Structure formats: C-alpha cells, structure tokens
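# Here's my sequence, what's the structure:
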Amino acid sequence: MNAEPAPVSSIDEAISAMDRNIDRCLAGADTGGFFAAMYRAVTARVRRGIEDGWFDDCDRMERFDVLFARRYLDACRGWEAGSEVTNAWRLAFETSKRSNCIALQHLLLGINAHINLDLGIAAADAVGAGEIGALRDDFERINDVLAEMVDSMQAAIATVSPWSRTVDRIGLRFDEALVSFTLRHARAGAWQFGVELSELDPDRRAGAIAARDREVTEFGRRIANPSGPLRLAVSAARLRERNDLATVVDHLVARAG
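Numbering: from 1, shown residues only. Down below sits the predicted model:
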C-alpha cells in the first residue's frame, strides 16, 4: 500500500491521500483496504464535525486529526519503502498478504495499530506540555465517531462475509483477545497512554512508545492467529467470504459522505 511522499497538513489532504490509498488497494486486491476504507470514513466525519462546530476547539481538533492521519499514512509509506515502521503496523501489513485471514481480522489489526498505539501519541502531540486535559471532551467526541464507523464497517463486511457476525459472537464468548478488544477498552487505553506520554521527557517518551508498541503487537498476533473455537469459526467464515473490497468501500464512502 503506498502513501503520500510528503506529510499531509490538512484534513482535506489526508482524505485525498486516503482516497488514493483506497484506489491502489482496489487495483491490487490489497486487504489493507478494509481498514483504509473505514479510516477514510472516520476522517470524513471528523471533517464534517469541524465544519459544523461539533468540537470545543475546531482548530485544535484539525491539528489532532491531521497528526493522527499522518501516523497511518507515514506507516503505509514506510512499509512500501522498506523503512522502519512500528511493530504493530508491520504485523498489520504483513498479515494483509495472507490469504487465510478474513476481512474482520484485517480490520481489527488496523484498528489495533492505529487506536491502541497511534491515537494516544497523536493526542499527546496535539497539545502543549501540561495541556492534554483540555483535549479530553473533544477526544471523546472523536471516539464516538470511531465507534459509529466501526459499527458501520462491521455491517459492510457482513455483506461480503456472511459468517463474520458469527465469528464476532464466538470470539466475544470464547477468546480473551476479542473479549478485551472492545472499542471502549481501546479508547480508554488510548487516552491514558496519551496522558502518560504528555508527562514524559523525550527520552522516556520514546521508551514508553516502544513498550506500548510491543504490547499492542502481541495483542495483534492473537487477532492474526486465533486459537480454539475462534480459529475454527474463522476457517469456516473464510470459505463463505467474497473478496469484494469494492462493495465495502462503496458502503463506507456513502455512509460518511
């Protein structure tokens, strides 16, 4: 998956970069497009929220959202260039090349890297030292958009993967990795991580990010390689899944506007 050669500086630029990413995913049957489509929808909804004045500080929210988007786009570009990316994103990109995973797994791996790791970093970067508390209400608003779009994405995936909801239910019942992988858990963890980072000097901050990356990557491995009943359910779902990224993308783009 390719990305922009230079950092984006506005939400419009970020959405344009994501559109080009999605086009490349469609052309190359790249399953990373499932996350790309969902994230493009999230970003479009945040842009609408800024235009409509949803947030306490819309200028700060755009800065936050652009920093958040850059982490994804930079990871895409770094992976394509063969340069260093976080382990969590490396796992997501490597898994996108596997034919034995279903769309829901690819989506969750992108969410894992971007929410459990990148979201807290972007929050800490968006404000000055000691100011992160002022971001809390707007952080929760953007998380509400994330939750809405994840629900929409799961519905879209169900149109091409009829058993994905069964996998989800089995996972929620039997597998600890997906029991703990609720958006509420991820969102709360991302905020706490951002608060912790905002209080650290640069050297300690780098160490905290590296430690968080290891934790998030280990969590992602359990999504990529499920065990027990969930593994059997994923195998069964894969037999009925259609490789129809275009349908999912159309659903998400229409929903987000």
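
# The spatially most central residue of the chain: which element?
Against the mean C-alpha coordinate of the chain, by C-alpha atoms, centre = their mean, the closest residue is residue 111 at 3.1 Å. In the assignment (DSSP states H and E), residue 111 maps to helix 103-113.

# The helix or strand just after that helix - contacts with which helices or strands?
Per DSSP H and E, the first helix or strand lying C-terminal to helix 103-113 is helix 120-126. If contacts are counted by 3 or more C-beta pairs under 8 Å, 6 or more residues apart in numbering; DSSP states H and E, helix 120-126 sits against helix 58-81, helix 183-198, helix 202-224. Backbone N, C-alpha and C define where each C-beta goes, glycine included.

# For the second one, which residues meet the burial criterion?
For helix 183-198, burial by neighbour count (16 or more other C-beta atoms under 10 Å) applies to 183, 186, 187, 189, 190, 191, 193, 194, 195, 196, 197, 198.

# and residue 193, what does it touch?
Contact analysis of residue 193 by C-beta atoms under 8 Å, 6 or more residues apart in numbering lists 119, 120, 121, 208, 212.

# Save those as JSON lines, and put in pLDDT, neighbour count and distance to residue 139 too.
Formatted as JSON lines, these follow (pLDDT from 0 to 100; neighbours: other C-beta atoms under 10 Å; distance: C-beta to C-beta, whole Å):
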{"residue": "119", "pLDDT": "94", "neighbour count": "25", "distance to residue 139": "9"}
{"residue": "120", "pLDDT": "95", "neighbour count": "25", "distance to residue 139": "10"}
{"residue": "121", "pLDDT": "96", "neighbour count": "22", "distance to residue 139": "13"}
{"residue": "208", "pLDDT": "97", "neighbour count": "18", "distance to residue 139": "19"}
{"residue": "212", "pLDDT": "96", "neighbour count": "21", "distance to residue 139": "17"}
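
# of all those, which two lie farthest apart?
119 and 208 (14.5 Å; C-beta to C-beta).

# ok, of the buried residues of helix 183-198, which one's closest to residue 221?
Checking the buried residues of helix 183-198 against residue 221 by C-beta to C-beta gives residue 186 as the nearest, at 16.3 Å.

# The closest one contacts residue 117, correct?
No - the pair residue 186 / residue 117 is not scored as a contact, 10.1 Å apart, by C-beta atoms under 8 Å.

# Using the three-state scheme, assign residue 200.
Secondary structure, DSSP: H, G, I helix; E, B strand; the rest coil: residue 200 is coil.
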